[in-house]
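>>> Sequence first, predicted coordinates after that:
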Amino acid sequence: MNKLIINDRIIGEGEPCYIIAEMSANHGGSLEKAIEILHAAKAAGADAVKLQTYRAETITLNSTKPDFCLPSDNPWQEHVSLYSLYEKAFTPWQWHETLFAEAKKIGLDIFSSPFDASAVDLLESLDAPVYKIASPEITDIPLLKKVASTGKPIILSTGIAELSDIELAVQTLRQNGCEQLAILKCTTAYPTPFSECNLATIVDLPTRFNCVSGLSDHTLGLVSPIASIALGAKIIEKHFILDKSDDSVDAFFSLDEKEFKQLVGAVRDAEQAIGSVNYSITQSAQKNILARRSLYFCRDLNAGAVITENDIQSVRPGFGLHTQYYDDVLGKTVARDVSHGDRVTFDTVTGLTEK
């Protein structure tokens, strides 16, 4: 359970982070723009683009009763009702085949978050390689069972879930056929305050649930995704848009191509910087051996002279004898003539042996 395989790409411990560009509603109702997003995400270094597969009527009811209206503090309140919001934001189902084909043509993984059983059927007909469960759907047990029954890898977001919700979701998925699972730490707030990210959860997820862990991020900027790498995130998902001035319901917390490219570059740099447990002096650091201390003669001495504290000194550079031999050298005699600035070595000190 600690690895996923998506289109022959292994995701997990020891592997590069899998970076997902979330298209969501950022196509703005234009198939041409959706295709542009695929190409721009590929150019920015994304490993995959994720869609959302629903219709307004499959995700909510066309009602303006108070339960279905957006509160005044909701970032999408201008759309008044959930149904109106989803009518504007959804990705038309007839686009999916075209988008899947285009992504495949340019070597970009593509998959989706299904929001009901019919969406799963559509995605199965397109041979989706993996499924994403959006955080609000973590409590939709029938949907979880349907997705798990496909046998495909599943990426689960935790944005508005209690621990008990996650436990039930994981149990449901595994009991119904899911053998490859990733769980993404997510905070469903747009944008997410840094104080509410709780990225340390990324470390706990694999231990608690025996899964791959990662981050579905809604903060502004790149800080949280980069920090998540240091905590072991193997999947990062971030919303992607062509132009932040586009009329899209998700534009205000999405990254454009330039920013996403910066994200990818920073993630790859962070992965290299983390590296592995290694206490040796690296190849690049070897040239700075000058900065180390070692033993040098600080006076001219003739062969046979007894070495005193006035004759040797611990100084930079580090080409002389290690300073651990300082006390051993004192009182011994010089094996040959030496001058100020000569290295103290085993050959220059009579009777000195290596420890």
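In hand now; what should we look at? Since this is a predicted model, take the numbers as computed values, not measurements. Numbering: from 1, shown residues only.
>>> so what does the longest helix anywhere in the chain touch, helix or strand wise?
Secondary structure of the chain read by DSSP state H shows that its longest helix is helix 257-274. Here helix 257-274 touches strand 18-22, helix 31-44, helix 223-230, strand 235-239, going by 3 or more CB pairs under 8 Å, 6 or more residues apart in numbering; DSSP states H and E. Placement of C-beta: from N, CA and C, glycine included.
>>> Determine which of the ones you listed approaches Ala128 most closely.
strand 18-22 (13.5 Å; CB to CB).
>>> Next, the angle from that closest one to helix 257-274.
160 degrees (axes from the mean of the first three to the mean of the last three CA atoms, to 10 degrees).
>>> Pull the residues that contact strand 18-22.
Residues from elsewhere that reach strand 18-22, judged by CB atoms under 8 Å, 6 or more residues apart in numbering: 4, 6, 9, 11, 37, 41, 44-50, 214, 234-240, 254, 260, 263-264, 267.
>>> What strands line up against that strand, and which way round?
strand 48-53 (parallel), strand 235-239 (parallel) (DSSP bridges).
>>> Which stretches in the stretch 151-300 of the chain count as strands?
Counting by DSSP state E, counting those that start in this stretch, one finds strands in the stretch 151-300 of the chain at the ranges 154-157, 181-186, 212-217, 235-239, 294-297.
>>> in the chain, what residue sits furthest out from the centroid?
Gly304 (63.7 Å; CA atoms, centre = their mean).
>>> Count the neighbours of the nearest residue to that one once chain neighbours are set aside for me.
In space, not counting the residues next to it along the chain, Gly304 is nearest to Thr333; the distance is 5.4 Å by CB to CB, 6 or more residues apart in numbering. Around Thr333 there are 14 other residues, counting by other CB atoms under 10 Å.
>>> helices or strands up against the lowest-mean-pLDDT helix or strand in the chain?
Least confident helix or strand, the chain: helix 82-89 with a mean of 84, by mean pLDDT, DSSP states H and E. Here helix 82-89 touches helix 56-59, going by 3+ CB pairs under 8 Å, 6+ apart.
>>> quick check, distance from the helix it packs on to the centre of its chain.
With CA atoms, centre = their mean, to the nearest Å as the basis, helix 56-59 stands 32 Å off its chain's centre.
>>> picking that back up, write a ChimeraX command that selects only the buried members of the contacts of strand 18-22.
Per 16 or more other CB atoms under 10 Å, the buried members of the contacts of strand 18-22 correspond to this ChimeraX selection:
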select :4,6,11,37,41,44,45,46,47,48,49,50,214,234,235,236,237,238,239,240,254,260,263,264,267
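>>> Now do the SS call for His27.
Here His27 is recorded as coil under DSSP: H, G, I helix; E, B strand; the rest coil.
>>> right, and it touches Ala34 too?
Yes. Using CB atoms under 8 Å, His27 is in contact with Ala34, at 3.8 Å.
>>> sorry, back to before: JSON lines for the helices and strands packed on helix 257-274, including distance to Arg343 and mean pLDDT?
As requested, those are exported to JSON lines (distance: least, CB to CB, whole Å; pLDDT from 0 to 100):
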{"stretch": "strand 18-22", "distance to Arg343": "51", "mean pLDDT": "98"}
{"stretch": "helix 31-44", "distance to Arg343": "53", "mean pLDDT": "97"}
{"stretch": "helix 223-230", "distance to Arg343": "41", "mean pLDDT": "96"}
{"stretch": "strand 235-239", "distance to Arg343": "51", "mean pLDDT": "96"}
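>>> Mean neighbour count, the ones you listed: which tops it?
strand 18-22 (a mean of 26; mean count of other CB atoms under 10 Å).
>>> re the thing from before, okay, and the residue farthest from the centre of the chain sits in which element?
For Gly304, there is no enclosing helix or strand under DSSP states H and E.
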